[in-house]
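[1] output the structure for:
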Amino acid sequence: MAEVENPICPWCQTEIVWDEEIGPERHCPHCENELTGYRTVQVGLDGLDEEVEDSEEIGENWDEEEDEAASGNNQPDLTGLSHYSRDRLALDETMDRLLDDQLEAPECPSCREFMLEAGTQTITETQFQPRTPEALTEPLLTTPFRIVLYFCPSCFHTEQRLGVQEQERLVKLLTKAVADGN
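    Just a heads-up that it's a prediction; the model follows:
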């Protein structure tokens, strides 16, 4: 009777013993990784010499294609690379510099890109009616206060946040309310 060789999980290096009635496992019982399919690479060393010869032939064909392209006979197809133009690279570089200058760089809730700071808006008494919660002796926000406007350069979603001074004032107010409440 021929002895069946048990496979070894490529992820956790554990020998997988399977029941002959059920058949081979699809997932490793130890680490739960998939044993077959696109996530597993099977490497065979039997045909290594043949593969080296094939790769040399591919290299020769590649050189011939380069020579033809250089002579102008055959232009390579670059349509797949059109979205990586100079303009796109310049845009990415500019966005990186702008993000480096910002105090905060919130993530866009729509597409997860970093948002750019567009500017600040000062809210005055005529634009805002403050509310004083019962638990506090003063309003959460008093006029004038600043709001920082951010926009996403990819999907153009906008978002507003309180300015840094207003954030600090709000934290102090809420901390003071806890200290006064005890």
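[2] need the helices for the chain, in chain order.
    Under the criterion DSSP state H, the chain contains helices at 48-71, 86-101, 164-181.
[3] low pLDDT regions in this structure?
    Judged by pLDDT under 70, the chain has its weakly predicted residues at 1-4, 36-84, 181-182.
[4] could you list the domains of it?
    1-59, 101-181 (automatic domain parsing).
[5] make JSON lines from the ones you listed and add mean neighbour count and distance to R88 to it.
    (Each C-beta comes from the backbone N, C-alpha and C, glycine too.) Output for those, formatted as JSON lines (neighbours: other Cβ atoms under 10 Å; distance: least, Cβ to Cβ, whole Å):
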{"stretch": "domain 1-59", "mean neighbour count": "10", "distance to R88": "30"}
{"stretch": "domain 101-181", "mean neighbour count": "13", "distance to R88": "12"}
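[6] next, format those as JSON lines and append distance to D92.
    Putting these into JSON lines (distance: least, Cβ to Cβ, whole Å) gives the following:
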{"stretch": "domain 1-59", "distance to D92": "30"}
{"stretch": "domain 101-181", "distance to D92": "10"}
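[7] tell me the contacts of the closest residue to T14 other than its chain neighbours?
    Using Cβ to Cβ, 6 or more residues apart in numbering and skipping the chain neighbours, the partner closest in space to T14 is H30 (4.7 Å). Counting by Cβ atoms under 8 Å, 6 or more residues apart in numbering, H30 touches 9, 12, 14, 16.
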